[in-house]
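Enquirer: Predicted coordinates and the sequence they were generated for:
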Amino acid sequence: MKTVILANGKYPVHEVPLRHLREAHLIICCDGAAKKLAAHGLEPGAIIGDLDSVPPSIRKKYHKIMIADTDQDTNDLTKAVNWCVSKGIREVAIVGATGLREDHTLGNISLLADYSSMLKVTMLTDTGSFIVIDPGTIVTSVPGQQVSVFSLDPAMGITSSGLRYPLNNLRLHSWWRGTLNEAAGDHFSLEFENGRVIIFMEYPGA
C-alpha cells in the first residue's frame, strides 16, 4: 500500500511529489494540511495532530477520520509517523514538509534520522528527495546528479565511492561541508561508522 504523509508546509508543485499524492492508497494529513489537500481535489485517509489548524468546513466533512493528539513534546509530522508505525505501515513518503518556515524545514529534515529506525521513509520536495542511508548502501543515481551529504554526528568520518568529489574519512563538522557534490555514474555509496547520514538528491534533469 502506497502511503503518503502530507505535512503542513508548502504544497508541492513538482511532478514527483504530486504523482506520489495522486497514486497514494492512503494520504495522512498533518493537521491543517487537510485543507490544502482538499483544495487540490484529493481525499485524506486520516487527519492527525492537535487539530488547531483545521478549519470548521474540514472538521465537519472529515470528522470521522480525525485523530486528535495533543502531545506538546512532539510535532504533527512525528505524530503521523508514529500512527503509521502503530498501524503496521512500513514505508512512507513525506510531502509538504519544507518550503515555508525554515525552522520547521530544518527540524523535519533532521527527524528523518529518527523515523528511519521505525520504517522506510523518503522526504520529497520540489527540487529533490531526502533519504537516510546505512553504511555501504548502494544508491542508484544518474551521472551528474547533484548530491549533498549531511551527518548528524560531526565527529564521524565518511568515505565515498562514486561521487565526483571524493570524501576520504571526511568529518562533516558543518552542514555545508558535504553539500554540492554529484554522482559520477549510475550509483554511489558511503562508508561510515554507526552514525546517521542523510543525503539529498536533486531530481534528474532538474
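Expert: That came in fine, so what should we check first?
Enquirer: Next, give phi and psi for the most centrally placed residue in the chain.
Expert: With distances taken as C-alpha atoms, centre = their mean, Met123 lies nearest the centre of the chain, 2.0 Å away. Main-chain dihedrals, Met123, degrees, to the nearest 10: phi -110, psi 120.
Enquirer: cool, Thr74 as well?
Expert: Torsion angles, degrees, to the nearest 10, at Thr74: phi -150, psi 170.
Enquirer: Just give me the neighbour total for it.
Expert: 12 (other C-beta atoms under 10 Å). Every residue, glycine included, has its C-beta placed from N, CA and C.
Enquirer: just to revisit the earlier point, hmm, Ser110 and the residue nearest to the centre of the chain touching each other?
Expert: No: with contact defined as C-beta atoms under 8 Å, Met123 does not reach Ser110; the gap is 10.8 Å.
Enquirer: contacting residues around the residue lying closest to Leu124 once chain neighbours are set aside?
Expert: Of all residues not flanking Leu124 in the chain, Pro17 sits nearest, at 4.2 Å (C-beta to C-beta, 6 or more residues apart in numbering). Each residue near Pro17 by C-beta atoms under 8 Å, 6 or more residues apart in numbering is listed here: Ala93, Val95, Gly96, Leu124, Thr125, Asp126.
Enquirer: Rebuild these as TSV, extending it with secondary structure, distance to Ser117 and pLDDT.
Expert: Shown next, in TSV, are the contacts of Pro17 (DSSP: H, G, I helix; E, B strand; the rest coil; distance: C-beta to C-beta, whole Å; pLDDT from 0 to 100):
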residue	secondary structure	distance to Ser117	pLDDT
Ala93	strand	17	98
Val95	strand	21	98
Gly96	coil	23	98
Leu124	strand	20	98
Thr125	coil	22	98
Asp126	coil	27	98
